[in-house]
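Undergrad: What follows is a protein structure lacking sequence information:
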């Protein structure tokens, strides 16, 4: 089995990379900035793909995630793709900092195209996710929630409205882009998201995010070890 | 010389495709939905790449544009990429419906990440554009302006603020994503944009867009004929 992780930030992947001792595959995606790490786990191939950097910072957001996912599918042809990363969530849904969720659905909340027709529907996305996610969440004791993706760290009134109307719970910056590319190849996509900030806490998002990034990334590592064991044993 | 056009909507490309009689290359990007048309013009190779369709409508937006641009660069290795399409513009800048502009710069207006540091800078994008664009605009009599890209058809107050602060003039839904992918390969990117709606007219964007799409697409065709002649003669 080939498992490919798509991760935006080095900080999100580092505890995980260190645990598995995955090795950097130099030039794997050249000339693209995406980085590929590889290890063997219980006779399965584990790849961790980072979006890479440009202009001195990690490439976050939907365009970089689209590029990394497309490249990873083309070069590795994985059996499953896992998008692991941090997210904002909502106190009103019972979320707490460093909680780990599996995504039971995925949508965009910042692609506003009017209409209930095929244009409006396509803009929201609502791509399929890994079909055994509920079974996995049950077995491993994870909560589940709907991933909702936008290109910004904050949440504007127009975002909040769409998130509420469509039941978004885990606000991230890459998930739906990864799922869109997976949908083009019918590849299963699993989301593992850990909470860095509570969108309805009133706190400043960037401060909360920065303060909780290390803790949430550690929680991601622990969750991903369980998930890889579950998938490969 | 290999010229690759990246176009989101069939309606935007159709007058142009009919003029050049470019031929569909069946399965060129399979299993991706992107479509490739090809013709020879003055002994140069002309490709028109459409994002393709999903769920019954043309794939618009930044994720589909990222996928199409990456695939086109990998499969065709063009000398220049041209993103041709419609846009919103501003009466206050002197824009009128069906005006054609060349892009003299490009940015995102809906990737809000705080800070004047490398994170905030990267979110805005500001990728390089074709370095002979001013010379070309002069020679062919086109106006020039800064392309500003977001994933939505409307313009929310948060978008307007970023567009005004950064001098955005031609509001589209793909340009900066195409430019981002081009920047990863150092490929020259030229923008040809025709105005379907005036963002500061008070009119409903979707209605204006729909009403003027055919006229703006016809203007795009005429502009692209001049541009291809200029590049290939």
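TA: Looks like it came in fine. Please read all numbers here as calculations on a predicted model, not as lab measurements. Numbering: from 1, shown residues only, chains lettered A, B, ... in the order given.

Undergrad: Strands of chain A, residue ranges please.
TA: Shown for chain A, the strands assigned by DSSP state E span residues A:2-7, A:23-24, A:35-41, A:44-50, A:53-54, A:57-58, A:80-89, A:100-108, A:143-149, A:170-172, A:189-198.

Undergrad: Tell me which of those strands is the most buried.
TA: When the strands of chain A are scored by mean count of other CB atoms under 10 Å in any protein chain shown, the highest mean neighbour count falls to strand A:170-172 (a mean of 28). For every residue, glycine as well, the C-beta is placed using N, CA and C.

Undergrad: Check what pLDDT the most centrally placed residue in chain A gets.
TA: The residue lying closest to the centre of chain A (CA atoms, centre = their mean) is residue A:83, at 3.5 Å. Note on residue A:83: pLDDT of 98.

Undergrad: One more: the one 10 residues further on?
TA: At residue A:93 the predicted local confidence, pLDDT, stands at 96.

Undergrad: Check the one 10 residues further on too.
TA: As predicted, residue A:103 sits at a pLDDT of 98.

Undergrad: Spatially, which residue comes closest to it, not counting chain neighbours?
TA: residue A:191 (2.9 Å; CB to CB, 6 or more residues apart in numbering or on different chains).

Undergrad: And that neighbour, how close does it get to residue B:36?
TA: Distance, residue A:191 to residue B:36, by CB to CB, to the nearest Å: 32 Å.

Undergrad: do the same with residue A:33
TA: Residue A:33 is 26 Å from residue B:36, where distance means CB to CB.

Undergrad: go on, residue A:60?
TA: Residue A:60 is 30 Å from residue B:36, by CB to CB.

Undergrad: right, and residue A:21 touches residue A:39 too?
TA: Yes - using CB atoms under 8 Å, residue A:21 makes contact with residue A:39 at a distance of 6.2 Å.

Undergrad: picking up where we left off before, got a list of what the residue nearest to residue A:103 touches?
TA: If a contact means CB atoms under 8 Å, 6 or more residues apart in numbering or on different chains, then residue A:191 has A:82-84, A:101-103, A:106, A:129, A:147, A:170, A:175 as its contacts.

Undergrad: For it, give me the pLDDT.
TA: Residue A:191 is given a pLDDT of 98.

Undergrad: In chain A, what residue spans correspond to helices?
TA: Along chain A, the stretches classed as helices by DSSP state H are A:10-20, A:62-76, A:118-124, A:133-140, A:157-166, A:175-185, A:205-232.

Undergrad: Direction-wise, compare the fifth one with strand A:100-108 and give the angle.
TA: Helix A:157-166 and strand A:100-108 are oriented at 110 degrees to each other (axes from the mean of the first three to the mean of the last three CA atoms, to 10 degrees).

Undergrad: Which residues does stretch A:212-232 contact?
TA: Residues from elsewhere that reach stretch A:212-232 (CB under 8 Å, 6+ apart): A:1, A:3, A:5, A:11-16, A:19, A:41-44, A:46, A:80, A:82, A:84-86, A:97-100, A:136, A:139-140, A:142, A:190, A:192, A:194-197.

Undergrad: returning to what we had before: quickly list what's touching both of residue A:21 and residue A:39.
TA: In contact with both residue A:21 and residue A:39: no residue, using CB under 8 Å, 6+ apart.

Undergrad: Now do the end-to-end distance for stretch A:101-118.
TA: Taking CA to CA, to the nearest Å, the first and last residues of stretch A:101-118 lie 30 Å apart.

Undergrad: ugh, typo on my part, it should be stretch A:109-126
TA: 10 Å.
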